[in-house]
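A.B. asks: What follows is a protein structure lacking sequence information:
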């Protein structure tokens, strides 16, 4: 009797491992190992016919449950595609992207390299003003890696996101550039009424040209008014869009920090906001964009000054030069108000863009005048661009920024296609003078002409010619070329 019970237990255990339904009780012929064993036990008298049928019914029920569970798990994973792993799907979309089949985790790894060459020639008076030692050309004519960045970004459980980006410029150029973070944050999205919230290091919501990636700006260097824009800072902010992304809004509070990501040790901070609108939008190649930005700041070393409550505004022409053509040196300032206006028109291959940025410096003076006052410094630019090959600048409605250009046909020698070609011209002006408080930073005017060749969506060759005039001093002419790749 014990032997019979043990034998039956072994049979039941063995049958639980079978994947196919057990069909003996249905009257059909079954040649599975389990069925053969059961037949032998029936023939030997260990099991009766009724016991064998009951056993078969239980085995069928177990197999059906297993099959249903396997089907449910397959539906949860989603359809399998050739070349994909069991848990994560990967793809190449001008960068490496990966995503779990349930959509809970998404990520991407990418980067950029901008390799530049610069040549500048200046009148003797300007050279002597900037470099009395006579080494103007040796200092400013050079080849350099303007940017070399790598990043990882993604979503976590759909409602959270992150980014970490690092720039290796200093290590590659072996000069006084800044290695460091260019975006390091985590955030939450899909928040009712608020949209997205993030905390970490990221660009403050200020200026169309500053927020547009350096991969997608029309000229090699941003316009002269960019000297006023805050750029990357540590802080927390929200942003959202409404009316089918026709209106965007961003707001953040930031601690002043230097671009490497090191936070200032003092209590200086800023509050920055930007709002944009699309009063006319027919399609992605017909639109009118307008916007305004405001930032309230309490200056520190982050703005270039050597001590707290000072700023130092300086910039060269729209070339990557080491010498600053205008420079306020240290200005004593207790509070800074920045106000910017922006606009852009896209009409097929034709594009217009311009900005005005002004800064009010409260209680500002050069350290010598006896009565500090509010000083006003400002800059502006405007430009036009045109695609000879029929493309148009693409606009991201949800962020209020321009994005990548995709040529109608990529450059290919074998196919005889030549990518996309763009011509552009810009005028920029900046005034860093204020006689009332003895600020004599200078006035600079630039005319820039550019040619862009988009070989494909991730590679671009750029050429800029810049004619720069430092009022009251002299002229300079320069050329800058760039080979750019993003991935």
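C.D. replies: Nice, I can see it. This is a predicted model, so every value here is computed, not measured.

A.B. asks: got the domain boundaries for the protein?
C.D. replies: 2-77, 88-486 (automatic domain parsing).

A.B. asks: so of the ones you listed, which one's packed in deepest?
C.D. replies: domain 88-486 (a mean of 18; mean count of other Cβ atoms under 10 Å). For the C-beta atoms, the positions are set from N, CA and C on the backbone; glycine is no exception.

A.B. asks: Residue 138 belongs to a strand?
C.D. replies: No. Counting by DSSP: H, G, I helix; E, B strand; the rest coil, residue 138 falls outside a strand, being helix.

A.B. asks: begin at 30 from here
C.D. replies: Right, with 30 as the first residue, what we last looked at is residue 167.

A.B. asks: Please report the distance of it from residue 352.
C.D. replies: 11 Å (Cβ to Cβ, to the nearest Å).

A.B. asks: and if you look at residue 145?
C.D. replies: Counting by Cβ to Cβ, the gap from residue 145 to residue 352 is 16 Å.

A.B. asks: Could you do residue 238 as well?
C.D. replies: From residue 238 to residue 352 the distance is 23 Å (Cβ to Cβ).

A.B. asks: And for residue 142?
C.D. replies: 25 Å.

A.B. asks: Can you verify my assumption that residue 368 contacts residue 320?
C.D. replies: No. Taking contacts as Cβ atoms under 8 Å, residue 368 lies outside contact range of residue 320: 11.9 Å.

A.B. asks: What sits closest to residue 463 if chain neighbours are left out?
C.D. replies: Leaving aside its sequence neighbours, residue 463 sits nearest to residue 404 (Cβ to Cβ, 6 or more residues apart in numbering; 4.0 Å).

A.B. asks: Report the distance from the helix or strand hosting the one you found to the chain centre.
C.D. replies: For residue 404, the host element (DSSP states H and E) is strand 402-416. Between the centre of strand 402-416 and the centre of its chain there are 24 Å (Cα atoms, centre = their mean, to the nearest Å).

A.B. asks: Just checking: what are the partner strands of that strand?
C.D. replies: strand 379-393 (antiparallel), strand 449-463 (antiparallel) (DSSP bridges).

A.B. asks: Now the element after that strand, going C-ward?
C.D. replies: strand 423-425.

A.B. asks: just checking, what packs against that following strand?
C.D. replies: Packed against strand 423-425 by the contact rule (3 or more Cβ pairs under 8 Å, 6 or more residues apart in numbering; DSSP states H and E) you find strand 430-432.

A.B. asks: List the contacts of the strand it packs on.
C.D. replies: With contact meaning Cβ atoms under 8 Å, 6 or more residues apart in numbering, strand 430-432 is reached by 237, 240, 241, 242, 245, 246, 373, 422, 423, 424, 425.

A.B. asks: if we look at stretch 300-313, which residues are touching it?
C.D. replies: Counting by Cβ under 8 Å, 6+ apart, 233-237, 240, 259, 266, 274-283, 315-325, 371, 421, 423-424, 426, 429 sit against stretch 300-313.

A.B. asks: again, only this time at 7 Å
C.D. replies: The contact list for stretch 300-313 (Cβ atoms under 7 Å, 6 or more residues apart in numbering) reads 233-235, 259, 275-283, 316-325, 423-424, 426, 429.

A.B. asks: overlap in contacts of residue 368 and residue 320?
C.D. replies: Joint contacts of residue 368 and residue 320 (Cβ under 7 Å, 6+ apart) do not exist.

A.B. asks: related to what we said a few turns ago, could you identify which of the domains of the chain has the lowest mean pLDDT?
C.D. replies: Lowest mean pLDDT within these: domain 31-106, a mean of 62.

A.B. asks: nearest to residue 191, of the contacts of strand 430-432?
C.D. replies: Ranked by distance to residue 191 (Cβ to Cβ), the contacts of strand 430-432 are led by residue 242 at 18.1 Å.

A.B. asks: residues in contact with the closest one?
C.D. replies: Residue 242 neighbours (Cβ under 7 Å, 6+ apart): none.

A.B. asks: Please apply the same query to the one 10 residues further on.
C.D. replies: Contacts for residue 252 (Cβ under 7 Å, 6+ apart) come out as 238, 347, 410, 455, 457.

A.B. asks: related to what we said a few turns ago, looking at the strands paired with strand 402-416, which is nearest to residue 123?
C.D. replies: The nearest among the strands paired with strand 402-416, by Cβ to Cβ, is strand 449-463 at 15.1 Å.

A.B. asks: Now do that closest one: distance to the chain's middle.
C.D. replies: That offset, for strand 449-463, works out to 24 Å (Cα atoms, centre = their mean).

A.B. asks: Check which element follows it along the chain.
C.D. replies: strand 468-485.

A.B. asks: Name the SS class of residue 81, please.
C.D. replies: With three-state DSSP as the criterion, residue 81 reads helix.

A.B. asks: In this structure it contacts residue 73, no?
C.D. replies: No. Residue 81 is not in contact with residue 73 according to Cβ atoms under 7 Å; the separation is 11.9 Å.

A.B. asks: how about residue 405, what does it touch?
C.D. replies: Contacts of residue 405 by Cβ under 7 Å, 6+ apart are 387, 389, 463.

A.B. asks: any chance of those residues in JSON lines, with distance to residue 222 too?
C.D. replies: Shown next, in JSON lines, are these (distance: Cβ to Cβ, whole Å):
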{"residue": "387", "distance to residue 222": "32"}
{"residue": "389", "distance to residue 222": "32"}
{"residue": "463", "distance to residue 222": "42"}
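
A.B. asks: And these, which is closest to residue 434?
C.D. replies: Closest to residue 434, out of all of the contacts of residue 405 and judged by Cβ to Cβ, is residue 387, at 30.9 Å.

A.B. asks: so the closest one bridges to which residues?
C.D. replies: Here residue 387, judged by DSSP bridges, has bridge partners residue 368, residue 407.

A.B. asks: That one and residue 320, how far apart?
C.D. replies: 15 Å.

A.B. asks: Centre-most residue in the protein?
C.D. replies: Nearest to the geometric centre of the chain sits residue 242, at 6.6 Å (Cα atoms, centre = their mean).

A.B. asks: which SS class is that residue?
C.D. replies: From three-state DSSP, the assignment for residue 242 is coil.

A.B. asks: Which helix or which strand is home to the closest residue to residue 262 other than its chain neighbours?
C.D. replies: Sequence neighbours aside, residue 283 is the residue nearest to residue 262 in space, at 4.0 Å (criterion: Cβ to Cβ, 6+ apart). Assessed by DSSP H and E, residue 283 sits inside strand 276-284.

A.B. asks: Residues contacting that strand, please?
C.D. replies: By Cβ under 7 Å, 6+ apart, strand 276-284 touches 233-234, 262-270, 292-293, 298-306, 427-429.

A.B. asks: Name the strands paired with it and say parallel or antiparallel.
C.D. replies: Paired strands of strand 276-284, with direction, are strand 261-271 (antiparallel), strand 298-312 (antiparallel) (DSSP bridges).

A.B. asks: Okay then, goodbye and thanks.
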